[in-house]
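**Student:** Here is the input, now give the coordinates:
(one chain, ligands or ions: 1)
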Amino acid sequence: MDVEDVEAFNILCLPFELLAHVFMLLDGATIASVSQVCKRFYEVSNVKIVWQTLCFREYNFTPEHFSTWNTTYKIIYTKVLRKYGKLVGTWQPKINPYGGLLSITFNDGALIGTQYFAPPDPNVCAPLRQKKVFKITVDNDNITRLLCLKGKPSDVHPFQFTPGGSIDDFSFKCSKPDRHRKGSNKQEQLQQWIKEELGIDIQPCAVDYRLELLRIQFFINMQFDSSCNFRRLHIPTKRKPEHPVRPGLYKGTYGGHGIELVMVSYHDDLLHGVKVTGDPNVPADQLSIQAHINEPMILDRDNQYSLAQLEALTKEDVLVPVDKQKTRQPFIVPRDVMDRGMSKVNDEMDLTHCIGRYFATGLIAMDGFKHPSRTPSHFIVFNENMFAMLWIELHSISLYCRVEENLM
Ligand SMILES: [Zn+2]
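**Tutor:** Below is the predicted model:
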C-alpha cells in the first residue's frame, strides 16, 4: 500500500456491519469515546451485538441472563456491569470469629447477593439455607438501584456500596437497618434466630451450652447487620486422580458449635480444610484440617473398637504404599467416641466401609482461640463427596458433606 492508498482509505467507508465488528473488539470505555466522534460511529455504537459481545466477554453475561432484564445490553453494561459486574462470585463477610458465605449472581433481572448458612445441626447432608440480602438492578427509567432485601419483601430500601482497596474487597451499608427487624424486640428476634439455627422451636431462656453459644453468635452478627465488609473467596475446582475427595466447600459437624463450612484444597501432599465459618474456639480462616495424603493406612475392623486400640497403633503398623491409598476397608466408630451426626447419616448411607484413611491433624483451641494446637486425627474418606475427621484426643468424630449448591 503506497502513501496515496493510505490517504484514500477512510474507515467511515467501511460497511456498517464491518464497522460493528471493529467496535466489538474495543472495550466499553473506548466505544463510549469513539461514539462521540461522528453520527455514523454513534449509530454503530448503538448496535445490540456490540454490547452483547462486551457483556459476555468482560462479565460472562449471557443471552439467558439478558432474557430476564427489561432493558438493553447497552444499559445493562453501562449502568450495572461496568461498576458492579466484577462482584459476581463468592464472598466472605469479615465477621470475627464467625465468617460466613455470600454469593453474588445474575438472577431475575438483577445482580443478587444471597447469604448461605449451614443446615440445622446435625443434618449435615441437608441443603444450605439461603437468604437474599441485596440486589443491584435498573428501574424503568434506566436508573441504577441498589436495594437492601433484609426487611419484608414489601419494604426494600437503598444500600450503599463502597469498593475496597482491591477487586477482592467491598463494603455494604444499609440506609434503613431499623426496617430489618422481624420481631418487636430483641428477645423475639433471638428466638426466631435460634429456631432457624436449630430447626426447632425452643425457649431461648433455657439453660444450655449450645443455646449460650447461639446467643453470643446472634448478638455479634447483629452488630454487622447494617454494615459489613466482604472479601472474595476463591473456591478451588482442580483435582488430580490421587486426590481422595473433590476440592471445594464442605459442611462439617463441630459439636456444640453446630455445623460449619470448610473449604477443601490441595497443596502438594497435603489436603487443607480452611474454615469459611468459624466459632469462638477456632475462628473462620483457620486451618481446621490438614490431612497427609501421602500417608494412607489400612485398618482391620478389630483395630477400631476403642480409641486405646487406635492410639496403640504405630505408623509402621498401618501405613501402606501410596498406590494402595484408595483401598476399601472396614470402618466403625470406636465405642468411646462421641458421635457427631454420624448416626443421623448412617440410616441413609453405608458407613460401614471407607475407601481411604489417612494420618491428619486437626486444629483445636480454648475459647477466644487461646492455646491453639494441632491434634492427631484420622481423615476417613467414604466417597468423593463425604469424609470424616476422627479427633483422637477429643474422643469425637466429625462428618463432612460436600456443598452441592451451585453458588455461581
Ligand atoms: Zn436494609
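**Student:** how about the residues of the protein near the ion?
**Tutor:** Counting by C-beta under 5 Å from the ion, the chain comes close to the ion at 148, 150, 174. Heads up, the C-betas are built off the backbone N, CA and C, glycines and all.
**Student:** Which of the residues you listed ranks first by neighbour count?
**Tutor:** residue 148 (24 neighbours; other C-beta atoms under 10 Å).
**Student:** ok, now which ones touch it?
**Tutor:** Counting by C-beta atoms under 8 Å, 6 or more residues apart in numbering, residue 148 touches 133, 134, 156, 157, 158, 159, 174, 175, 176.
**Student:** okay, the residues of the chain next to the ion in TSV with pLDDT and secondary structure next?
**Tutor:** Output for those, formatted as TSV (pLDDT from 0 to 100; DSSP: H, G, I helix; E, B strand; the rest coil):
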residue	pLDDT	secondary structure
148	97	strand
150	93	coil
174	96	strand
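**Student:** re the thing from before, can you flag the buried ones in the contacts of residue 148?
**Tutor:** 133, 134, 156, 157, 159, 174 (16 or more other C-beta atoms under 10 Å).
**Student:** Hmm, the third one is touching residue 149, no?
**Tutor:** Yes: proximity of residue 156 to residue 149 meets the contact threshold set by C-beta atoms under 8 Å, at 5.9 Å.
**Student:** just to revisit the earlier point, which of the contacts of residue 148 fall within helices?
**Tutor:** Of these, none are assigned to helices by DSSP state H.
**Student:** And for residue 118, the neighbour number?
**Tutor:** 24.
**Student:** contacting residues around it?
**Tutor:** 128, 129, 251, 258, 259, 260, 261, 277.
**Student:** cool, and residue 131?
**Tutor:** 114, 115, 117.
**Student:** Okay, and the beta partners of the second one?
**Tutor:** This means residue 115. Beta bridges link residue 115 to residue 102, residue 131 when assigned by DSSP bridges.
**Student:** show me the contacts for it.
**Tutor:** 100, 101, 102, 130, 131, 132, 133.
**Student:** now do the last one
**Tutor:** Residues counted as contacts of residue 117 (C-beta under 8 Å, 6+ apart) are 100, 101, 128, 129, 130, 131, 196.
**Student:** residues of the helix or strand containing residue 358 that come out buried?
**Tutor:** According to DSSP states H and E, residue 358 maps onto strand 356-366. If you call a residue buried by 16+ other C-beta under 10 Å, then strand 356-366 has these buried ones: 356, 357, 358, 359, 360, 361, 362, 363, 364, 365.
**Student:** What of stretch 311-331?
**Tutor:** Quick answer for stretch 311-331 (16+ other C-beta under 10 Å): 318, 319, 325, 329, 331.
**Student:** if we look at that stretch, which residues are touching it?
**Tutor:** 242, 244, 293-301, 303-304, 351-359, 380, 382, 392.
**Student:** what about burial for the contacts of residue 118, which qualify?
**Tutor:** Buried, going by 16+ other C-beta under 10 Å: 128, 251, 258, 259, 260, 261, 277, out of the contacts of residue 118.
**Student:** what sits against the second one?
**Tutor:** Spelled out, that is residue 251. Neighbours of residue 251 in contact, by C-beta under 8 Å, 6+ apart: 118-119, 124-125, 128, 259-262, 400-403.
**Student:** and the host helix or strand of it, how far from the chain's centre?
**Tutor:** Here residue 251, judged by DSSP H and E, is contained in strand 248-253. Between the centre of strand 248-253 and the centre of its host chain there is 10 Å, according to C-alpha atoms, centre = their mean, to the nearest Å.
**Student:** Within its sheet, name the partner strands of it and how each one runs.
**Tutor:** strand 259-267 (antiparallel), strand 396-402 (antiparallel).
**Student:** Among the contacts of residue 117, which one lies nearest to residue 67?
**Tutor:** residue 130 (22.8 Å; C-beta to C-beta).
**Student:** tell me the contacts of the closest one?
**Tutor:** 114, 115, 116, 117, 405.
**Student:** One more pass at 6 Å, please.
**Tutor:** 114, 116 (C-beta atoms under 6 Å, 6 or more residues apart in numbering).
**Student:** Check the spacing between the nearest residue to residue 140 once chain neighbours are set aside and residue 162 real quick.
**Tutor:** If the residues on either side of it in the chain are set aside, residue 140 comes closest to residue 70, at 7.6 Å by C-beta to C-beta, 6 or more residues apart in numbering. In this view, residue 70 and residue 162 are 28 Å apart by C-beta to C-beta, to the nearest Å.
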